[in-house]
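Student: pasting the sequence and the predicted model now:
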Amino acid sequence: MELNSKLPSGPIEQAWDKTKFDLKLVNPANKRKYRIIVVGSGLAGASAAAAFGELGYNVHCFCFQDSPRRAHSIAAQGGINAAKNYQNDGDSIFRLFYDTVKGGDFRAREPNVYRLAEISVSIIDQCVAQGVPFAREYGGMLDNRSFGGAQVSRTFYARGQTGQQLLLGAYQALERQVATGQVAMFSRHEMLDLVLVAGKARGIVTRDLVTGKIECWAADAVVLATGGYGNVFFLSTNAKGCNTTAIWRAHRRGALFANPCFTQIHPTCIPVSGDYQSKLTLMSESLRNDGRIWVPLKKDDTRPPRQIPEQERDYFLERKYPSFGNLVPRDVASRNAKAVCDEGRGVGPGGYGVYLDLEDAIHRLGRSVIEERYGNLCEMYERITGEDPYRVPMRIYPASHYTMGGLWVDYNLMSTIPGLFVLGEANFSDHGANRLGASALMQGLADGYFIIPYTIGDYLAGTKLEKIDAGHPAFREVENEVRCNVKRLLDIKGTRSVDSFHRELGKLVWERCGMSRTADGLRHALEVIPEMREAYWRDVRVTGAEGEFNQQLEKAGRVADFFELAELMCLDALERNESCGGHFREEYQTPEGEALRNDDEYSYVAAWEFRGAGDAPALHKEPLTFNYVHPSQRSYK
Amino acid sequence: MNLTLYVWRQKNAAGKGRMVRYEARDINAHMSFLEMLDVVNEELIAKGEDPIAFDSDCREGICGMCGLMINGKAHGPERGTTVCQLHMRHFKDGDVLYLEPWRSKAFPIVKDLAVDRTALDRIIAAGGYISVATGGAPEARAVAVPKENAELAMDAAACIGCGACVAQCPNASAALFTGAKISHLGLLPQGQPERHRRAISMVIQMSREAFGNCTNIGECEAVCPKQIKLDAIARMHRDYLVAGVTEKQKQQARDDEPVEEPLAGGRR
């Protein structure tokens, strides 16, 4: 298979403008003749559905939650980057582009990232006009902060609820289109498969989660904006419902899956407190600006933290990285926390935690300053753990947070299936091997508001699409497969719950394909996962029936897909014999323990092709070239 | 700790519900309330029984999907907390807890503790937005917004749409939810052109959805997990009144939205 990424030629600064001019247009009077399906209603999905509606397309939008406003974009805390340079501190589109390519450890496409940086500016304009209540200064101007170790202040924020406010902006724009009738909204509907007719994406099969009804929907193009797959680890900061089913089903139908092993671990989450734990909660990493991270110097030191004298503490990040200290990037902070815990110096129940201590900052700045800066975070921590972070150091531990990998898309956000477009976290496109803080919201909205409305028009105007409806035989065939799959899950009637399998899978993937990976560990996982999957299909117990609201059945389908995805993640991680960004292979590190890239052999996007259940997938490589930002080794010493 | 739960079980919207007793054994104080229910459900599955259906998604208090009544209180005994962020340390061994779904005519029961809140989406669709098409926005700094207004707008915009306000209100009114959106947009300069039209449309939609009227009781504010203030309702009433006395707008509203008799809200 030849991967045509359709990257524009010529100077990068003009590439998107030139592309937009070259893209074909759909006549305004003809737009209403096209139907577009959008799956997912987070930042990318809601913004795309709203923008399509405004343009006059007929839109069907689906989400599995009870309302489009629940999508997990809502939980993003920190902010959204934009190269506005309002602070006069030297920011520019080029600098945001540069930082993003470098932050992605040189595994992203330059033209995509440049476009993202360029569009960032319009996103803020759009959101302000929608009434997003961004933080303001006393003069009434927009406030910015520096985020995630950036050298400039380019992050716009709405308290600690930026994702919520941006999503509500997009949701309201979507509801406005629902009111006009341009968009039909289907909540509590889950996409269970993709339908192709003559090699093109022409519709989906869904299950109505309330009645259990399986239905077919035909369209001229399908847009997936269904988020990331971090819940493969069972415990992650993702919402409980986040899943890979939509993109995995599309993958099985022919869409290549790119860089599945690129997952991001966030260093400042609240540690696991017991076996019953259902999810992990992230706390903004801004805490690292004033908090000092430490563990006891000695193993198995069970004294309360305040009884451990200064000289018996190891401020390991400050010790190893004197110039960046506690502000080293997410992956470095995470791996070092894991390392000290693996040595037996971790704190809290289970020994997987490190202290994040505000005591010095309170002495230096006073409690009121710390309260002003981190009051809401301290309150959240206390609510969850029952401990007062002003008196006892917080305990933190890394957790899975974001997935950079996803379905492969070209510059126009189209997958390898014509007519199937993928937006936001569900695609692989812009963050390389590591995403910078406050860039996820930017990408979701860039894709939805400002890229897909142009590129989908080019596809529709330039493609001959036969007239079909959901009665087409191709739909019957896929619908039957979906029904069989549902029935098969219900008929197993085994002995173990869906969650017990999911936990077991998650633990394995976390240990072998999480923060750090080894060839041996990955080979082990690749042996064990098929056994677990086989056990799942033999022994899972899915209670209830098909034609009813059945949350066990919903989960069971999602977990079945996680099993298959997990195997591909491990394979991809094993194949990539280098360390880069969130992918750390212990065999490939500098003497200082930093990620060691191998640009000569691995400067490519790994795009995997599904070749049948049980068959080895085929690897296709899209080489990456860097004309503007030259690959260099990161150093935080 | 060990707890006794009485849980509302109802197969679907048409079904007849009833309270069923369950024992929650060996509950750890660090669990969240929903994790406690997860544990109860795992036991039910092990026994081959139908687990208790309840909605939740983010489990960090922001998506607004979870919500249930615990001993008559929406989201339980802690102030400013959703039920996913309520931890078992606030309960004690031997407690008897009655768990019910949000009760309002406008929120039909889907199953057990899960309800249908699309009525709230329809209130937003009636006017809870600023009509600006993608790409048509002026430069973000073109309009200054006084910090005080931006903060007040944010206070109102923090609403997560969980429906606790409706569930707790003796009239099952959605005034706090509706008022929060009217306040958020009405406090910003960008929201001014549609301010009165929005208030009329949203209030009318609220009545159509079989929510009850507000009689200033204030239970909504007491249980709101985001601590939205009653001021939001006052702003809604003011905008609605001002819009009503402006004859032209009144006429426009009549033309646009055929007003029906507001339905008397209430509880089932």
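Tutor: Structure's in. What do you need?
Student: B:Lys47: neighbour count?
Tutor: By the criterion of other Cβ atoms under 10 Å in any protein chain shown, B:Lys47 has 8 neighbours. (Glycine included, C-beta is placed from N, CA and C.)
Student: for A:Lys299, same thing?
Tutor: Considering only other Cβ under 10 Å, A:Lys299 is surrounded by 11 other residues.
Student: A:Thr268 looks like it's in a strand, true?
Tutor: Yes: assessed by DSSP: H, G, I helix; E, B strand; the rest coil, A:Thr268 belongs to a strand.
Student: in the host helix or strand of A:Cys570, what's buried?
Tutor: Element membership for A:Cys570 (DSSP states H and E) is helix A:551-575. Neighbour counts using 16 or more other Cβ atoms under 10 Å in any protein chain shown place A:551-574 of helix A:551-575 among the buried residues.
Student: show me the contacts for A:Gly21.
Tutor: If you look again at residue A:21, you'll see it is Phe, not Gly. Contacts for A:Phe21 (Cβ atoms under 8 Å, 6 or more residues apart in numbering or on different chains) come out as none.
Student: now it, what's its secondary structure?
Tutor: helix.
Student: measure it to chain B for me?
Tutor: To chain B, A:Phe21 is 15 Å away according to Cβ to the nearest Cβ, to the nearest Å.
Student: tell me how far the one residue in chain B that gets nearest to chain A lies from B:Asn171.
Tutor: Residue nearest to chain A within chain B: B:Ala144 (3.0 Å; Cβ to the nearest Cβ). From B:Ala144 across to B:Asn171, the span is 40 Å (Cβ to Cβ, to the nearest Å).
Student: again, but for A:Ser415
Tutor: Computed with Cβ to Cβ, the distance linking A:Ser415 and B:Asn171 is 50 Å.
Student: also A:Val39?
Tutor: On the measure of Cβ to Cβ, A:Val39 and B:Asn171 end up 38 Å apart.
Student: hey, what's A:Leu194 bridged with?
Tutor: A:Ile204 (DSSP bridges).
Student: can you list the domains in chain A?
Tutor: Domains of chain A are assigned by automatic domain parsing as A:27-231+A:239-244+A:254-262+A:404-462, A:265-400, A:474-596.
Student: show the end-to-end separation of the first one, please.
Tutor: One end of domain A:27-231+A:239-244+A:254-262+A:404-462 sits 12 Å from the other (Cα to Cα, to the nearest Å).
Student: same deal with the shortest one?
Tutor: By Cα to Cα, the extent of domain A:474-596 from end to end equals 48 Å.
Student: again with stretch A:53-68
Tutor: In stretch A:53-68, first residue to last residue: 16 Å (Cα to Cα).
Student: touching chain B at all, it?
Tutor: Yes: using Cβ under 8 Å from any Cβ of the partner chain, we find that stretch A:53-68 touches chain B at A:54, A:65-68.
Student: and A:Arg391, helix, strand or coil?
Tutor: coil.
Student: got a list of what it touches?
Tutor: So A:Arg391 contacts nothing (Cβ under 8 Å, 6+ apart).
Student: ok, now how distant is it from chain B?
Tutor: Using Cβ to the nearest Cβ, A:Arg391 is found at 17 Å from chain B.
Student: with A:Pro11 instead?
Tutor: Relative to chain B, A:Pro11 is positioned 24 Å away (criterion: Cβ to the nearest Cβ).
Student: ok, A:Ala470 next?
Tutor: A:Ala470 is 24 Å from chain B, by Cβ to the nearest Cβ.
Student: chain neighbours aside, what residue packs nearest to that residue?
Tutor: Ranked by Cβ to Cβ, 6 or more residues apart in numbering or on different chains and with sequence neighbours excluded, the top spatial neighbour of A:Ala470 is A:Cys216, at 3.9 Å.
Student: wait, is that neighbour part of a strand?
Tutor: Yes: membership of A:Cys216 in a strand is supported by three-state DSSP.
Student: can you give me the distance of it to A:Val210?
Tutor: For A:Cys216 relative to A:Val210 (Cβ to Cβ), the value is 18 Å.
Student: what do you get for B:Lys92?
Tutor: 37 Å.
Student: quick one: mean pLDDT for the helix or strand hosting A:Asp17?
Tutor: Here A:Asp17, judged by DSSP H and E, is contained in helix A:12-22. Helix A:12-22 shows a mean pLDDT of 98.
Student: what's the first helix or strand after that helix?
Tutor: Immediately after helix A:12-22, counting by DSSP H and E, sits helix A:28-31.
Student: that next one and chain B in contact?
Tutor: No: under the criterion of Cβ under 8 Å from any Cβ, chain B is not reached by helix A:28-31; the shortest gap measures 13.3 Å.
Student: what parts of the stretch 151-268 of chain B come near chain A?
Tutor: With Cβ under 8 Å from any Cβ as the criterion, the stretch 151-268 of chain B meets chain A at residues B:151, B:153-154, B:157-158, B:160-161, B:184-185, B:188, B:190-191.
Student: compare neighbour counts for A:Val39 and B:Asn171 and give me the winner.
Tutor: Using other Cβ under 10 Å, the more surrounded residue of A:Val39 and B:Asn171 is A:Val39, with 30 against 20.
Student: what's the spacing between the more buried one and chain B?
Tutor: Distance from A:Val39 to chain B, by Cβ to the nearest Cβ: 17 Å.
Student: need the contact list for that residue.
Tutor: A:Val39 neighbours (Cβ under 8 Å, 6+ apart): A:45, A:61-63, A:191, A:204, A:222-226, A:246.
Student: check the average confidence over the helix or strand that the helix holding A:Cys570 is followed by, would you?
Tutor: Using DSSP H and E, the helix or strand that directly follows helix A:551-575 along the chain is helix A:599-602. Averaging pLDDT along helix A:599-602 gives 98.
Student: what is the burial count for whichever residue of the stretch 401-550 of chain A sits closest to chain B?
Tutor: Closest to chain B within the stretch 401-550 of chain A is A:Phe549: 4.2 Å, counting by Cβ to the nearest Cβ. For A:Phe549, the count of nearby residues is 22 (other Cβ under 10 Å).
Student: right, and it touches B:Asn12 too?
Tutor: Yes: taking Cβ atoms under 8 Å as the definition, A:Phe549 is a contact partner of B:Asn12 at 6.8 Å.
Student: overlap in contacts, those two.
Tutor: By Cβ under 8 Å, 6+ apart, the residues touching both A:Phe549 and B:Asn12 are A:210, B:110-111.
Student: strands of the stretch 1-150 of chain A, start to end?
Tutor: For the stretch 1-150 of chain A, the strands defined by DSSP state E, counting those that start in this stretch cover A:35-39, A:58-62, A:80-81.
Student: now stretch A:181-189: buried residues?
Tutor: For stretch A:181-189, by 16+ other Cβ under 10 Å, it's A:182-189.
Student: near chain B, which residues of the stretch 401-550 of chain A are found?
Tutor: Residues of the stretch 401-550 of chain A lying near chain B (Cβ under 8 Å from any Cβ): A:449-450, A:453, A:497, A:499-500, A:541, A:543-544, A:548-549.
Student: contact partners for the residue of chain B closest to chain A?
Tutor: A:139-141.
Student: give me the phi and psi angles of B:Gly186.
Tutor: Main-chain dihedrals, B:Gly186, degrees, to the nearest 10: phi -70, psi -20.
Student: how about it: what's its closest non-neighbour residue?
Tutor: Here the residue nearest B:Gly186, using Cβ to Cβ, 6+ apart, is B:Arg195, at 5.0 Å.
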